[in-house]
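[1] Pasting a predicted model and its sequence here:
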Amino acid sequence: MPDADLSLAVPAVFFGSVGTAGQRCTSTRRLYLHRAIAPEFLARLQALYASPALQPGDPLDARTLLGPLHSPAALNIYDDTITELKDAGAEILGRQGRYENLTSPLDRGNYVHPTIAMIPKQLKSNSKFKSKVKSDPDAGEAAALWAKERFVPVLRVADFEELDEAIAWNNAVPQGLSRSLWTRDVRHVGKWIGPAGSDTGIVNVSVFVYFWGGVGRN
């Protein structure tokens, strides 16, 4: 929301998105930003994505933030995800693709650049989703861009105007494990955690939480 504490929210989203290369069930895969803070939030997030801290490393080393994908098959899923998003008109922010020229032993790992994809409300006319999609992230087959779990470090982003809009997008996703709202306004909190708010197993406010379990349609 516009009043979110970015000094807390941005690092939390960064860690949730890139930790274990997006392969946890708890990884952050969707980000809805209020239009008032979207440019500043994305600028800060992109700076973290470009920082030296985000370099491939030994996953057994406690200092490593970015480990490899689990298999060559996951590399293909990552490539296919990027291609699908581009075909739908998404803007890829920052780096993408596989790490190259790594030294031994890292050269044997399946390392990719964590990626941010800004998805437009209006999909490209040549998108394979276009014929079945209107303009909203929760409409028809467009939901595939948001709901399909790929377990790779690709963060999908959209901006919104009103909290009700973001809640509708949130609840359109069939998975219902855990989601967070970043705000300091108790009115927003009440709406978020109330019966018309987030349809999720664990509903967080201004915090990133590890968890097990959830609800939703899957």
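    Sure thing, it's come through. Just so you know, these numbers come straight off a predicted model, no measurement behind them.
[2] where do the strands sit along the chain?
    Here the chain has its strands, by DSSP state E, at 30-34, 91-93, 115-118, 154-160, 175-176, 178-181, 202-205, 215-216.
[3] With adjacent residues omitted, what lies nearest to Ser71?
    Spatial nearest neighbour of Ser71, chain neighbours left out: Asn110 (6.6 Å); criterion: C-beta to C-beta, 6 or more residues apart in numbering. To be clear about C-beta, it is placed using only N, CA and C from the backbone, and glycine gets the same treatment.
[4] thought Arg98 was touching Tyr111?
    Yes - between Arg98 and Tyr111 there is a contact under C-beta atoms under 8 Å: 6.8 Å.
[5] Among those two, which residue is more densely surrounded?
    Tyr111 (20 against 13; other C-beta atoms under 10 Å).
[6] hang on, Ala88 packs against Ala117?
    No - the criterion here is C-beta under 8 Å, and Ala88 misses it with Ala117 at 9.2 Å.
[7] Please point out which parts of stretch 113-120 sit buried.
    Under the neighbour-count criterion of 16 or more other C-beta atoms under 10 Å, stretch 113-120 has 113-119 buried.
[8] any idea how far Gln23 is from the residue lying closest to Leu54 once chain neighbours are set aside?
    Among residues not flanking Leu54 along the chain, Leu66 sits closest, at 5.5 Å (C-beta to C-beta, 6+ apart). As judged by C-beta to C-beta, to the nearest Å, Leu66 and Gln23 stand 11 Å apart.
[9] Tyr32 versus Trp7, what's the distance?
    To be clear, residue 7 is Ser; Trp isn't right here. Look at Ser7 and Tyr32: by C-beta to C-beta, they are 19 Å apart.
[10] Between these two, tell me which one has more neighbours.
    Neighbour totals were compared for Ser7 and Tyr32, and Tyr32 leads with 20 against 8 (other C-beta under 10 Å).
[11] Bridged to the more buried one, which residues?
    Beta-bridge pairing for Tyr32 (DSSP bridges): Ala158.
[12] Done for today, thanks.
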